[in-house]
Structure formats: structure tokens, C-alpha cells
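Asks: here is my input, please return the structure:
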Amino acid sequence: MTQRQAFRPAVEAHLNAQLAAPLGTTISLAPDDILQQFRVGRWRIVYVNTTISDEAFLFYDGRPDRRPAYLADWAGAATFDEGPEIIAWLQKDLPGLPAKLAACFAWHVTQARDK
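Replies: Purely as a prediction, here's the structure:
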């Protein structure tokens, strides 16, 4: 079992508690719905197909299966020049997120999302 597959039950539970419940729906993740994972140190970003919205990036300060919830989420599009704004948002909202992971995320969503 891959680590992404191992995290699926926890990510599904977090999405249901934090995203689906306010919408009055339920999210059921298929094995392929965790699309990618980015990691630096203990920090992780899980890219997931929520099945009810745009694909989302969920930010964790540890393994998703050992955390009660994700700390932040991001979905939607970004233009090629928004990298510095995205990094500033991450630094403000997620203190402790490694600069390398913030830069990687900003590059990914502005330059290489579907590559």
C-alpha cells in the first residue's frame, strides 16, 4: 500500500468534517483521488480530487493519518505571476511551513500544475 493510499481514510474524514458537512453532503474518495503529495520535513501538502469541488491542496503539519484536520486548503487557478502572492499567503497563514515547500507549491500551481 502506498503512503497516499494509507492517508486516504484520514483525508476523507477531514474533508467530510471540514468541507462536506457545511455543504450537507458526503465525500467518498476512490483510491486514485489522492493525486499527489508534496513533503518537506514533517509538513505535507496533499493534492486531492474532492469529487464535489475543484481539486484541492490540503496542508498538514504532520502525517494526515496522525492529525485531527488539515490546517488550510487551496483550490482554483493561479496565473504565472502570482507566485510571490501565494508564498506570502502561505507564510502568513501557515507559520512554520518550510520556505522550500511554499516555493515548490507556488511554482507548481503557477507554472506546472498539469505537468
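Asks: what's stretch 13-30 in contact with?
Replies: Contact with stretch 13-30 is made by 8, 11-12, 48-53, 56, 58, 64, 67, 69-70, 73, as judged by Cβ atoms under 8 Å, 6 or more residues apart in numbering. Where you see a C-beta, it was placed from the backbone N, CA and C, and this is true even at glycine.
Asks: out of these, which are buried?
Replies: 8, 11-12, 48-50, 56, 58, 64, 67, 70, 73 (16 or more other Cβ atoms under 10 Å).
Asks: and the two most separated of the residues you listed?
Replies: The span of those, defined through Cβ to Cβ, is set by Asn49 and Arg67 at 20.0 Å.
Asks: lowest-confidence helix or strand of the chain?
Replies: helix 21-23 (a mean of 86; mean pLDDT, DSSP states H and E).
Asks: following it, which helix or strand comes up?
Replies: Per DSSP states H and E, helix 21-23 leads on to strand 34-40 as the next helix or strand towards the C-terminus.
Asks: buried residues in that next one, which are they?
Replies: Within strand 34-40, the residues that count as buried by 16+ other Cβ under 10 Å are 34, 37, 40.
Asks: quick one on the thing from earlier: now, which of the buried ones among the contacts of stretch 13-30 lie within helices?
Replies: Among the buried ones among the contacts of stretch 13-30, the members found in helices (DSSP state H) are 8, 11-12.
Asks: between these, which is nearest Trp107?
Replies: Taking Cβ to Cβ as the measure, Trp107 lies nearest Val11 of these, at 23.1 Å.
Asks: now stretch 78-89, how far from the centre of its chain.
Replies: Mean C-alpha position of stretch 78-89 versus that of the full chain (Cα atoms, centre = their mean, to the nearest Å) differs by 16 Å.
Asks: would you work out how far apart the start and end of that stretch are?
Replies: 13 Å (Cα to Cα, to the nearest Å).
Asks: what does stretch 47-61 give?
Replies: 15 Å.
Asks: all good on my end, thank you.
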